[in-house]
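Colleague: Need coordinates for the below:
(chains A and B)
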Amino acid sequence: MRYLVLIKQVPLSSNVAIDEKTGTIKRESGEAKMNPYDLYALETALRLRETYEGVVSVLTMGPPQAGSVVRESFMMGADEGFLLTDRAFAGSDVLATSYALSQAIKHIGNIDLVICGKQTTDGDTAQVGAECSEFLNIPCISNVQRIIDVTETAITAECDTGTTVETVRVHLPALMSVEKDIWQPRLPSFKLMCATAQRPVKTLNLKDLADTDERHYGLKGSPTQVVRMFPPEEKSDYEIWNEENLGERLYQYLVSEKFLQESV
Amino acid sequence: MSTIIVHNEFIQDTESAAKLCPFGAIKTTAEGVLIDSSCRMCLLCVKKGPKGAFELLQDDEPQKKINKSEYDGILVSVECHQGHIHPVSIELIGKARELASISNQKVFACAAGATITSLIPELLAYGVDTVCVYDDPEFTYFRVEPHTAALEDAIGYLTPSVVLVGGTPIGRTLAPRTAARLRTGLTADCTSLDIQPNTDLDQIRPAFGGNIMAHIRTMNHRPQFATVRYKIFDMAQKVDHPSGTIIYRSLDKRALESRIEVLDVQPKGVGTYIEEAEVIVAVGKGIQNDTNLGLFNELADLLGGQVACSRPLVENGWVESRRQIGLSGRTVRPKLIITCGISGSVQFAAGMRGSQKIIAINIDEHAPIMKIAHVGIVADVFEIVPRLIEQIRQHKPLGDIA
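Modeller: Predicted coordinates:
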């Protein structure tokens, strides 16, 4: 069984602000870390390897320094890691990112199960996994909260649909995104850090992909464009109520704020 | 493709040139300044950098412009799950009508499910002009391949300019899968939508955990996909004379095939951890004694939430310690917290001030909780809460299904 985990390097803190005069993003620091949701995806792959054997690979797309998250995954136990990097990918939106990742997955080849985290902490879109699965033409299941069984040809898992919990069997190859807390991620190990210090992070560039047409990647391959970034409105709705009949007023308030629905 | 080239002869201070880039893509090397693959093409270096230093090299071959007039209408993908229409779909129909009246378009809906015929008139009642219905046992449960095929078919048939999908666990799989198939743009979790006369959708969404808002457009691709979470927009109002048409469509067997089998479906147990609750009713010393707890449990149930408490109640043994909020208890960030008879010590506030909406009921106007509450209600909880419960019961709400 070959597992591939998609990981991403994200800013250490999402505590960013916009400078209203210049429109630039002010970050507290330039430091970065592995997207915390990806730790659960990686842990899932490592657990499955422990139970059902196999090889765990990781793939990240980003600038050259994003290779450090691949190295971190080695310290947790990943066997092999790829960094997809090229200036042609600059400015990629969900579509262009998913397309580039799917091209890299095809290049790596022979993957049985692609595992993603729920979302990233910088983009928060939670859409890249499902778009990848479309480009790979494989089924995808989302919100996986428990793995029940894995065989050579299928995986059985529990998915949280919001209102119900569904037990599904999906035939391989497939892609799944896992919930936070599916398993508690292990900490990077010093022993593995030493043991994998010489292991290469395999770099993939545009020229390695089957589709080398630059128009399908980066800003050019991105249908969505950011027109403007701006700080969220400050809430100024602090109020004190001290008149009569506040029970009714509170009810109306909860309805208007959509915590309650009025019968239609 | 467009790229930025660096003219080092115009750069005197390489350090400050490197600082221009919010993404750290500008590197200073022995050969001078260069841009690496961290570049997001935000063009700030071109705009703010030393004159002539960063040049945007435009495409030699301009992108082919699409003909926007070939795409007309706003399509809402309606979620039919477990024999119900998810209310987010009705909210999206309301927003679609609002947008359609600005851009002079029609409102379409697409619904795929098993034996859903009886649900369809309701969609027309909310003012949908045309609804495409896919009724087949294969749609009993959400499986990505057949549901994507249905939405793709509806888009092919109706050629809308905009597709709105609820940001539910199902919608957040269906929308990206279909958008990728059509090689078009998708903006997730929009919190505000507007439309230009040329049908370009103005999409606003939070990024970086809500610290920044981004305004996004899909200017040269159609249809434009957007997902919106439940309870962002208002429910659609019913129209007096529904006049829409229903079109039953079917897909061939191959399009309905799936490599996913649903083996079992169980209702989801109500979360028992206060950290997971979207709504919390928190009680403190002001509730006087533990026999009064029932009232607050009832309110929490009616709001689909959980009861939590401040430290003294745990110390008295009235409430289990796992329900305690504060520095020595749990930290919560629900969408709504109603504090009842809690003064709001620093230690308590530390465990809940990240809540999206704080309503504090306390007899003392000067209690510290009133300073952090969005709504501070100066009253006796035993006057307000029973009255509120009575109101909720009278109006028979549909209840929260999300």
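Colleague: Got the phi and psi for whichever residue of chain B sits closest to chain A?
Modeller: At 2.5 Å from chain A, B:Arg387 is the closest residue in chain B, using C-beta to the nearest C-beta. All C-beta spots, glycine's among them, are computed from the backbone N, C-alpha and C. When read as degrees, to the nearest 10, the backbone of B:Arg387 gives phi -70, psi -40.
Colleague: what about it, how many neighbours?
Modeller: Counted with other C-beta atoms under 10 Å in any protein chain shown, the neighbours of B:Arg387 add up to 18.
Colleague: Setting the sequence-adjacent residues aside, check what's closest to it.
Modeller: The spatial neighbour of B:Arg387 that comes closest, neighbours along the chain excluded (C-beta to C-beta, 6 or more residues apart in numbering or on different chains), is A:Gly247 at 2.5 Å.
Colleague: what about that neighbour, distance to A:Glu31?
Modeller: Computed with C-beta to C-beta, to the nearest Å, the distance linking A:Gly247 and A:Glu31 is 50 Å.
Colleague: Angles on the backbone of the residue nearest to B:Arg387, please.
Modeller: Dihedral angles of A:Gly247 (phi, psi; degrees, to the nearest 10) stand at phi -60, psi -50.
Colleague: again, but for A:Ser92
Modeller: Dihedral angles of A:Ser92 (phi, psi; degrees, to the nearest 10) stand at phi -70, psi 130.
Colleague: Can you give me the pLDDT of it?
Modeller: pLDDT for A:Ser92: 89.
Colleague: cool, and B:Gly210?
Modeller: pLDDT for B:Gly210: 69.
Colleague: re the thing from before, more neighbours: which of A:Gly247 and A:Glu31?
Modeller: Neighbour count, other C-beta under 10 Å: between A:Gly247 and A:Glu31, A:Gly247 has more, with 20 against 9.
Colleague: Go ahead and confirm the more buried one touches B:Val381.
Modeller: No: taking C-beta atoms under 8 Å as the definition, A:Gly247 is not a contact partner of B:Val381, at 10.7 Å.
Colleague: in chain B, which spans are helices?
Modeller: B:14-19, B:44-48, B:87-103, B:120-125, B:144-158, B:171-181, B:253-256, B:293-302, B:311-315, B:346-350, B:369-372, B:381-395 (DSSP state H).
Colleague: Could you identify which of these is most buried?
Modeller: Ranked by mean neighbour count, those are led by helix B:171-181 with a mean of 27 (mean count of other C-beta atoms under 10 Å in any protein chain shown).
Colleague: Residues contacting that helix, please?
Modeller: Here helix B:171-181 makes contact (C-beta atoms under 8 Å, 6 or more residues apart in numbering or on different chains) with A:94-95, A:98-99, A:126-131, A:133-135, A:140, A:142, B:77, B:79, B:88, B:142, B:144, B:147-148, B:151-152, B:155, B:163, B:165, B:185-186, B:188, B:225, B:227.
Colleague: and if you look at stretch A:171-179?
Modeller: Contacts to stretch A:171-179, defined as C-beta under 8 Å, 6+ apart, come from residues A:40-41, A:44, A:111-118, A:126, A:129-130, A:132-133, A:136, A:138-145, A:152-155, A:157, A:160, A:170, B:259-260.
Colleague: Just those: which are in helices?
Modeller: A:Tyr40, A:Ala41, A:Thr44, A:Gly129, A:Ala130, A:Cys132, A:Ser133, A:Leu136.
Colleague: near chain B too, which of the residues you listed?
Modeller: Applying C-beta under 8 Å from any C-beta of the partner chain to the ones in helices among the contacts of stretch A:171-179, one finds that A:Gly129, A:Ala130, A:Ser133 fall near chain B.
Colleague: Can you show me the helices along the stretch 1-150 of chain A?
Modeller: For the stretch 1-150 of chain A, the helices defined by DSSP state H, counting those that start in this stretch occupy A:36-52, A:67-76, A:94-108, A:128-136.
Colleague: quick one: contacts for A:Trp241?
Modeller: For A:Trp241, the contact set (C-beta under 8 Å, 6+ apart) comprises A:Arg249, B:Val375, B:Gly376, B:Ile377, B:Val378, B:Ala379.
Colleague: How about B:Leu299?
Modeller: Residues counted as contacts of B:Leu299 (C-beta under 8 Å, 6+ apart) are B:Val281, B:Ile338, B:Val385, B:Leu388, B:Ile389.
Colleague: how much space between it and B:Gln306?
Modeller: B:Leu299 sits at a distance of 11 Å from B:Gln306 (criterion: C-beta to C-beta).
Colleague: residues shared between the contacts of these two?
Modeller: What both B:Leu299 and B:Gln306 touch, as defined by C-beta under 8 Å, 6+ apart, is the set B:Val281.
Colleague: Would you confirm that the residue of chain B closest to chain A contacts A:Glu248?
Modeller: Yes: the criterion here is C-beta under 8 Å, and B:Arg387 meets it with A:Glu248 at 7.0 Å.
Colleague: count of residues packed around A:Asp181?
Modeller: 9.
Colleague: ok, now A:Ile105?
Modeller: Neighbourhood size, A:Ile105 [other C-beta under 10 Å]: 23.
Colleague: That one reaches A:Val5, doesn't it?
Modeller: No: checked against C-beta under 8 Å, the pair A:Ile105 and A:Val5 is beyond contact range at 11.2 Å.
Colleague: Need the residues touching each of these two.
Modeller: Common neighbours of A:Ile105 and A:Val5 (C-beta under 8 Å, 6+ apart) are A:Leu59, A:Val114.
Colleague: Now B:Pro368: closest residue in space, sequence neighbours ignored.
Modeller: Using C-beta to C-beta, 6+ apart, the nearest residue to B:Pro368 is B:Gly344, at 4.3 Å.
Colleague: again with B:Leu327
Modeller: In this structure, B:Leu327 finds its nearest non-sequential neighbour in B:Gln347, 4.4 Å apart by C-beta to C-beta, 6+ apart.
Colleague: Per-residue confidence, that neighbour, what does it come out as?
Modeller: 81.
Colleague: Against B:Leu293, how distant is it?
Modeller: Per C-beta to C-beta, B:Gln347 is found 22 Å from B:Leu293.
Colleague: Nearest to A:Leu59 among the ones next to chain B among the ones in helices among the contacts of stretch A:171-179?
Modeller: Nearest to A:Leu59 among those is A:Gly129, at 12.3 Å by C-beta to C-beta.
Colleague: need the contact list for that closest one.
Modeller: A:Leu6, A:Val114, A:Cys116, A:Cys140, A:Ser142, A:Leu175, A:Met176, A:Ser177, B:Pro176.
Colleague: cool, and B:Ser2?
Modeller: A:Leu219, A:Lys220, B:Met41, B:Leu56, B:Leu57, B:Gln58, B:Asp59.
Colleague: Tell me how far the nearest residue to B:Phe142 once chain neighbours are set aside lies from B:Gln266.
Modeller: Among residues not flanking B:Phe142 along the chain, B:Ile170 sits closest, at 4.7 Å (C-beta to C-beta, 6+ apart). For B:Ile170, the distance to B:Gln266 (C-beta to C-beta) stands at 17 Å.
Colleague: Name the residue in those two with the higher neighbour count.
Modeller: Per other C-beta under 10 Å, whichever of B:Ile170 and B:Gln266 has more neighbours is B:Ile170, with 24 against 10.
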